[in-house]
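Chemist: coords please:
(one chain, ligands or ions: 2)
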Amino acid sequence: MSHSSPARPLPKAELHLHIEGTLEPALAFALAERNGITLPYADEDALRRAYDFEDLQSFLDLYYALMAVLRTEDDFAELADAYLARAAAQGVRHAEIFFDPQAHTARGVPVGTVIEGLARALDEAEERHGISTRLILCFLRDESAESALATLEAARPYLHRVTAVGLDSAEVGHPPSKFREVYEKAHELGLRKVAHAGEEGPPSYVWEALDVLGVERVDHGLRCVEDPELVDRLVRDRMPLTLCPLSNVRLRAVDTLEKHPLPDMLRRGLMATVNSDDPAYFGGYADDNFTAVRDALRLGEEELRTLARNSFLAAFLDDEEERRAR
Ligand code: ADE
Ligand code: ZN
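Modeler: Ligands and ions are numbered 1, 2, ... in the order given. Model prediction:
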């Protein structure tokens, strides 16, 4: 049985969202025109037809290519404001937003342009959209450890705008331990720590994220279910997992949404949250993910409320901020 969406979506925090993954085709073409860039697609529909991914890498190839349209502070501010407007309509009250500085600095866009542009939209987010925000600077794990260290160094003048560091991009072959040093440095600088692990990579990458990097949340963590000892550890630590169900289907980490392990994960006591990852590419924003798992996995009201509550508990908010956001 399929339910209709409630009139008012459940208030929630979004903890796994790549701002570059919110670049909708219409904005991509508008920015391309503004910046004098020709995209290799005739129109928005042709671009959308390319969103047929086989795995994480096939998505990343398009994700990085389309970022060519993001060049100025205004572009980043517009991108973030567009996301925040959509998120607000989906019940998001707090958003912790990933960005990929190396994907921009490699194209000659300074890290300051990226952070100042995003921060401009985030500064207005409470007033315009009723959303509190945090920024999470991600290192690309398929780049070198030295490049990650240089990126953290280049971002030093802007770190007052950044709450945490993260680790993303092509996972297999790039274990978390490769980034031990930059995570230590980030910790010394007072930054919180998260990392993608166990999306396509094995459970051992989740262990490394915990024990080598000392993360406070695991992004995805989907493959932890293959390792009962790891599940026990995650349950014992009440370690939040930022799951992204529609992403998992589109990138073929699961065969179908009906086979997603989320209900089993909740039953086993894991602190699961539901998020949108790269919503412009994967067919849904935060509440679209909630609605999709509710329908495909027959989650009840209680489970949906647990997911929403977990999202606030797992956020980098103090108690008073958390109370206000809910
Ligand atoms: N960058 C953007 N989306 C990602 C994902 N789902 N996994 C790893 N890196 C990403
Ligand atoms: Zn992600």
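
Chemist: Which single residue of the stretch 1-150 of the chain ends up nearest ligand 1?
Modeler: Nearest residue of the stretch 1-150 of the chain to ligand 1 (CB to the nearest ligand atom) works out as His18 at 4.2 Å. Bear in mind the C-beta positions are built from the backbone N, C-alpha and C, glycine included.

Chemist: cool, and the stretch 51-200 of the chain?
Modeler: Closest approach of the stretch 51-200 of the chain to ligand 1 (CB to the nearest ligand atom) occurs at Asp168, with a separation of 3.5 Å.

Chemist: in the stretch 1-150 of the chain, which ranges drop under the pLDDT threshold?
Modeler: Scanning the stretch 1-150 of the chain for pLDDT under 70 picks out 1-7.

Chemist: residues in the stretch 1-150 of the chain within reach of ligand 1, list them.
Modeler: Counting by CB under 6 Å from any ligand atom, the residues of the stretch 1-150 of the chain close to ligand 1 are His18, Gly21, Leu56, Tyr63.

Chemist: could these be laid out in CSV, adding secondary structure and distance to Arg128?
Modeler: Shown next, in CSV, are these (DSSP: H, G, I helix; E, B strand; the rest coil; distance: CB to CB, whole Å):
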residue, secondary structure, distance to Arg128
His18, strand, 21
Gly21, helix, 21
Leu56, helix, 33
Tyr63, helix, 26
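
Chemist: most surrounded residue in the residues you listed?
Modeler: When neighbours are counted by other CB atoms under 10 Å, His18 leads those with 26 neighbours.

Chemist: So what sits opposite that residue in the bridge?
Modeler: His18 has these beta-bridge partners by DSSP bridges: Phe98.

Chemist: mind listing what it touches?
Modeler: Residues near His18 by CB atoms under 8 Å, 6 or more residues apart in numbering: Tyr63, Phe98, Phe99, Asp100, Cys138, Asp168, Asp277, Asp278.

Chemist: Closest one of those to Arg323?
Modeler: For the contacts of His18, the minimum distance to Arg323 (CB to CB) is 25.1 Å, reached by Phe98.

Chemist: Could you measure from the closest one over to Asp219?
Modeler: Phe98 is 8 Å from Asp219, where distance means CB to CB, to the nearest Å.

Chemist: For stretch 299-317, C-alpha coordinates in CSV please.
Modeler: Output of stretch 299-317 as CSV, limited to C-alpha atoms (Å, rounded to 0.1, in the frame of the first residue of the first chain):
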residue,chain,number,x,y,z
LEU,A,299,8.1,1.9,8.1
GLY,A,300,5.6,3.0,10.7
GLU,A,301,5.2,6.3,12.4
GLU,A,302,7.3,5.3,15.3
GLU,A,303,10.3,4.3,13.1
LEU,A,304,10.0,7.5,11.1
ARG,A,305,10.0,9.5,14.3
THR,A,306,13.1,7.6,15.5
LEU,A,307,14.9,8.5,12.3
ALA,A,308,14.0,12.2,12.7
ARG,A,309,14.9,12.2,16.4
ASN,A,310,18.3,10.5,15.5
SER,A,311,19.0,13.2,13.0
PHE,A,312,18.9,15.9,15.7
LEU,A,313,20.7,13.9,18.2
ALA,A,314,23.5,13.1,15.7
ALA,A,315,23.9,16.8,14.6
PHE,A,316,26.7,19.0,15.7
LEU,A,317,24.3,21.2,17.8
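
Chemist: Residues contacting that stretch, please?
Modeler: Stretch 299-317 is contacted from outside by 10-15, 94, 96, 132, 134, 163-164, 192, 217, 240, 242, 262-263, 266, 271-275, 290, 293-294, 322, 325-326, using CB under 8 Å, 6+ apart.

Chemist: and what of stretch 222-235?
Modeler: Residues from elsewhere that reach stretch 222-235 (CB under 8 Å, 6+ apart): 198-203, 206-207, 210, 218, 221, 239, 241, 243, 248, 253-254, 261, 264-265, 268-271.

Chemist: same thing with stretch 66-77?
Modeler: Stretch 66-77 is touched from outside by 19-20, 23, 28, 31-32, 34-35, 37, 39, 47, 79, 103-104, 107, 109, 113-114, 116-118, 120-121, with contacts defined as CB under 8 Å, 6+ apart.

Chemist: can you do 7 Å?
Modeler: The contact list for stretch 66-77, computed with CB atoms under 7 Å, 6 or more residues apart in numbering, reads 20, 23, 28, 31-32, 35, 37, 79, 103-104, 107, 109, 113-114, 116-118, 120-121.
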